[in-house]
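Q: Dropping a prediction and its sequence here:
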Amino acid sequence: NTSDDLHSSIIALPFTFDFYGSQYTSIVISTNGYITFNTGLANTSSQWSFNAAIPTTVITARPAIYGAYHDMYNNVPSSNGSITYGVYGTAPYRKFIVYFDQNPLFSCNTLKSSFQMVLHETSNLIDVVLIDKQSCPTWNSGNTVTGIMNTTGTMGLTPPGRNTGNWT
């Protein structure tokens, strides 16, 4: 459990990752379901309210990988939710995995989301694995986004039906 709406400290990646043509060696994890390569956001508040589809400049965390970016509240003592990360495999084909497991949604904290974001060494592939993504339509209109966006907010990708909106 952590405080609500926060970015982590800077986390070193075990390999250099190419994202939109820039090379990154560290990330920051948001309690709201994304990782960003903008290390200037470390230990700051994480934006929880948004309503624009990506690409956009309205979402301030960029460049980023949005696993299931929505307002979560993992500070519920009885939730047993967690955010973990680890490195798996052997160079040059390691995977860096960030795992959100059973994290409660803000205002609907009996509903939970579980998903992973996987960065692949060498190929620079990104996997987002949505395990169980719940929705709280009475809070922030249930807005959630899964996808990626560049530094300037001018380029971004989402899977069909997973751009900003209320979905499960």
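A: Looks like it arrived, so ask away. Numbering: from 1, shown residues only.

Q: does the residue lying closest to residue 41 once chain neighbours are set aside have beta-bridge partners, and which?
A: Spatially, and ignoring its direct neighbours in sequence, residue 41 is nearest to residue 7 (4.6 Å; C-beta to C-beta, 6 or more residues apart in numbering). Yep, even glycine has a C-beta here, placed from its N, CA and C like the rest. Taking DSSP bridges as the rule, residue 7 bridges to residue 30.

Q: What's the separation between residue 7 and residue 27?
A: Distance of residue 7 to residue 27, given as C-beta to C-beta, to the nearest Å: 10 Å.

Q: what's the overlap in contacts for the two?
A: Common contacts of residue 7 and residue 27 (C-beta atoms under 8 Å, 6 or more residues apart in numbering): residue 36.

Q: mind listing the strands for the protein?
A: With DSSP state E, the ranges of strands along the chain come out as 11-19, 22-30, 34-36, 64-69, 82-88, 95-105, 108-120, 126-132, 143-149, 156-157, 165-166.

Q: so for the fifth one, what's the average pLDDT?
A: Predicted confidence along strand 82-88 averages 96 (mean pLDDT).

Q: follow-up on the earlier one: will you turn the strands of the chain into CSV that also has mean neighbour count and distance to residue 54?
A: Compiled in CSV, those are given as follows (neighbours: other C-beta atoms under 10 Å; distance: least, C-beta to C-beta, whole Å):
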stretch, mean neighbour count, distance to residue 54
strand 11-19, 15, 15
strand 22-30, 18, 15
strand 34-36, 27, 11
strand 64-69, 28, 8
strand 82-88, 13, 22
strand 95-105, 20, 19
strand 108-120, 19, 15
strand 126-132, 15, 13
strand 143-149, 25, 5
strand 156-157, 17, 4
strand 165-166, 14, 11
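
Q: hey, what's the residue nearest to residue 61 when sequence neighbours are not counted bridged with?
A: Distances taken as C-beta to C-beta, 6+ apart place residue 36 nearest to residue 61, at 4.7 Å, with adjacent residues excluded. Residue 36 has the following beta-bridge partners by DSSP bridges: residue 28, residue 64.

Q: All further residue positions should be reported with the first residue as 31.
A: Okay, using 31 as the starting number, the last item reads as residue 66.

Q: For residue 66, give its distance to residue 196.
A: Taking C-beta to C-beta as the measure, residue 66 falls 23 Å from residue 196.

Q: give the contact list for the most centrally placed residue in the chain.
A: Centrality entry for the chain: nearest residue to the mean C-alpha point is residue 64, 1.2 Å, by C-alpha atoms, centre = their mean. Residue 64 sits next to 91, 94, 95, 96, 97, 99, 147 when contact means C-beta under 8 Å, 6+ apart.

Q: Having no further points to raise, I will conclude here.
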